[in-house]
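J.: Quick check, what structure comes out for this input:
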Amino acid sequence: MDKMNKKEYQKYVERKVPKPTYFKNILYAFVVGGIICVFGQIIRNFLLKYGLDEKSVAAGTSIVLIFTGAFLTGIGIYDKIGKIGGAGAAIPITGFANSIVSPAMEFKREGFIFGVAARMFSIAGPVLVYGVGSSVIVGILYLILTKGR
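T.: Below you'll find the model as predicted:
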């Protein structure tokens, strides 16, 4: 058997590895993210039509979108949307719901306490911790820098 040197092997690998389809991925992310945002706008318009104030509309829209993302994850549809839409499905609030429900679904066979409850925030937990932590730091810096004004 003929041995390859490193350069030959690298060329061989480059030929075999499929080329990424950046434009297609960007387009799908844009379309999927846009559809999620349109759905959110429809919910917002519906809630405004029934006379809710701005804070209630914002909260209601978030609640419906989070529930929808969690529900679609629970029945196995959101993962299919995520495979097609990539970042377009991961970035909106529905993606956050998916990141919480997915680990819970994966570990449900271990029970509600040691499976679902213990693993629910395994992906979203660090995001929450660092988000809250950085907001506290920014708030303290804001207070220190604007105290003299």
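J.: Show me what counts as buried in the longest helix belonging to the chain.
T.: Secondary structure assigned by DSSP state H gives helix 22-49 as the longest helix of the chain. For helix 22-49, a neighbour-count test (16 or more other Cβ atoms under 10 Å) marks 28-29, 32-33, 36, 39-40, 43-44, 47 as buried. All C-beta spots, glycine's among them, are computed from the backbone N, C-alpha and C.
J.: So, low pLDDT: which residues of the chain?
T.: For the chain, applying pLDDT under 70 flags the ranges 1-2, 108, 112, 116, 121, 123, 148-149.
J.: who's in contact with Ser56?
T.: Leu47 (Cβ atoms under 8 Å, 6 or more residues apart in numbering).
J.: separation between it and Gly133?
T.: Distance, Ser56 to Gly133, by Cβ to Cβ, to the nearest Å: 29 Å.
J.: Same question for Met120.
T.: 20 Å.
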